[in-house]
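Engineer: please work out how this folds:
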Amino acid sequence: MKENRHYIDLLKAHKIFTEIEGRWKFYDTYMKSKDPEAWFKSGDVPLKEGLLLFGFIHSWDPNFQGDLAKFLEIYKDIFPLLKDFKNTTLIEVDLSDEIKNCISVIFDRIAMCPRTKRYESTDASKILHAIIPDLFVMWDGKIRKAVIGDEECNGRCYAFEFLPKMQELAREYLDSFIKEKGGDYKSAAFQISRMADNYSLSKLIDEYNYVRYTKRKSLTDIRNISL
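Structural biologist: Residues are numbered from 1 along each chain as shown. Sure thing, here's the model as predicted:
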């Protein structure tokens, strides 16, 4: 049965997330410390920014095997593709086949940043979100299983299946806000963000997914808490 989406669910999931997941502070610290413009001036990203990014990834996933030197070389290659998404949001992005193919290529290149042949699917989503937090939604194995039906997913799965589903969810949450408060998608996303520590809509959806599927909280559990 399809869930009836309401924007309050995002706010409550955000509250639960900060109560049960102590690592949320690592995300906040990284986002406040990074220079978002550094990733879009050129493909030659300052080493400091790479170190900050990989420090954040390791704080969430101690098993992350990405090689920073290799990643920075990969970033030079994908920069011409990624820079076009700089000011794009999850709501606004036109997920045409051409765009999805582009995202798929970017995702796969980042996921192959370890020295070994290990494919870092979860951490590739974190890296992309960290660089463009208004567009990319993070995932993990349990979220992939719940949303897509398969824990082992690649860039094509992310771009052609997961991200379109997240865009649909985002619009449903915003529609619920607009129905009650008025406005449009842009103003609704801004207001919801203000009520949730200024987190992006993409981050709030990730937190909802994390609480629901990774931590296995039911929708009833989420809705029963007070704000």
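
Engineer: what is the burial count for residue 90?
Structural biologist: 23 (other CB atoms under 10 Å). To be clear about C-beta, it is placed using only N, CA and C from the backbone, and glycine gets the same treatment.

Engineer: so who does it touch?
Structural biologist: 134, 135, 136, 137, 163, 166, 167, 170, 201, 202, 205 (CB atoms under 8 Å, 6 or more residues apart in numbering).

Engineer: same thing but 6 Å
Structural biologist: Residue 90 sits next to 135, 167, 170, 202 when contact means CB atoms under 6 Å, 6 or more residues apart in numbering.

Engineer: SS state for it?
Structural biologist: coil (DSSP: H, G, I helix; E, B strand; the rest coil).

Engineer: list phi and psi for it.
Structural biologist: phi -60, psi -40 (degrees, to the nearest 10).

Engineer: could you shift the numbering so residue one becomes 70, and keep it that way?
Structural biologist: Taking 70 as the first residue, the last one we looked at is residue 159.

Engineer: low-confidence ranges in this structure?
Structural biologist: 70 (pLDDT under 70).

Engineer: who touches the helix or strand where residue 290 lies?
Structural biologist: Using DSSP states H and E, residue 290 maps to helix 288-292. With contacts defined as CB under 6 Å, 6+ apart, helix 288-292 is touched by 78, 81, 82.

Engineer: equivalent analysis for stretch 117-133, please.
Structural biologist: Contacts of stretch 117-133 (CB under 6 Å, 6+ apart): 92, 95, 99, 102, 103, 107, 137, 141, 192, 195, 199.

Engineer: between the residues you listed, which is nearest residue 225?
Structural biologist: The shortest approach to residue 225 among the contacts of stretch 117-133 belongs to residue 192, at 17.5 Å (CB to CB).

Engineer: so the closest one, which of the three states?
Structural biologist: Classified using three-state DSSP, residue 192 is helix.

Engineer: how much space separates it from residue 112?
Structural biologist: 20 Å (CB to CB, to the nearest Å).

Engineer: helices of this structure, residue ranges please.
Structural biologist: Ranges of helices in the chain, per DSSP state H, are 76-89, 93-102, 107-110, 116-129, 137-151, 166-180, 190-200, 210-216, 224-226, 232-250, 254-263, 270-278, 288-292.

Engineer: tell me the most buried of the ones you listed?
Structural biologist: Most buried of the helices of the chain, by mean neighbour count (mean count of other CB atoms under 10 Å): helix 270-278, with a mean of 25.
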